[in-house]
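*Asks:* Requesting a structural model of the entry that follows:
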Amino acid sequence: MISSLSALPNLNNPDGTDASLEDISERMRGKHVALYFAAGWCPMCTSFEPSLLKFREASISSGKNVEIIYVPSDRQAADVVKRTSSMNMLSVPIGEEADAMKTRFKIWAGAESGKLGTGRRSGVPALVVLDPKGDEMAFLAAESKGAKALGDWPLDDSGLW
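*Replies:* Model prediction:
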């Protein structure tokens, strides 16, 4: 649960419109927040997403709600909107704001290495679970572990919950 929304960048609604602070506050209330670094052109990302969406549904069913924010490595804003609307996710705007999140958490697609460098800890897909201050609480290495990475974010009362 993010207590300080100022720790987050500007966000877009799933339809690509700017999300207001009211929209964000309402949507995040009482939820644990994770950043999802991915791209629609990435086969590992698209094959991981059914498991991610099932995980989100399981968390909702267990009363431990999750808000997943998409950090795009897509090449066009229209691709981001297509993905976020189908997955019902807020997103970081494509371009400078998304690049700032990628460099902050050192996660980007290999295709972006020319622009962002080679100092990454992971490619896409990957998730970063945020603590209430908006800092990293856990890293889920979906690029290397696939759906098994979601096991690093347990739905019981131990660990990150």
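*Asks:* Tell me how far Lys106 lies from Glu26.
*Replies:* Separation of Lys106 from Glu26 (Cβ to Cβ, to the nearest Å) stands at 31 Å. The way it works is simple: take the backbone N, C-alpha and C, and place the C-beta from them, glycine included.
*Asks:* what pLDDT does Ser47 get?
*Replies:* Looking at Ser47, its pLDDT is 97.
*Asks:* Tell me how many other residues crowd the closest residue to Gly117 other than its chain neighbours.
*Replies:* What sits nearest to Gly117 in space, not counting adjacent residues and going by Cβ to Cβ, 6 or more residues apart in numbering, is Thr103, at 8.0 Å. A count of nearby residues for Thr103, using other Cβ atoms under 10 Å, gives 14.
*Asks:* Please give the element, helix or strand, for Thr103.
*Replies:* helix 96-105 (DSSP states H and E).
*Asks:* For that helix, enumerate the helices and strands it packs against.
*Replies:* strand 32-38, strand 66-72, helix 113-116 (3 or more Cβ pairs under 8 Å, 6 or more residues apart in numbering; DSSP states H and E).
*Asks:* just the angle between the helix or strand just after the first one and strand 32-38, please?
*Replies:* Tracing the chain C-terminally past strand 32-38 and defining elements by DSSP H and E, one meets helix 43-61 next. Between the axis of helix 43-61 and that of strand 32-38 there is an angle of 160 degrees, by axes from the mean of the first three to the mean of the last three Cα atoms, to 10 degrees.
*Asks:* With that, I have no additional questions.
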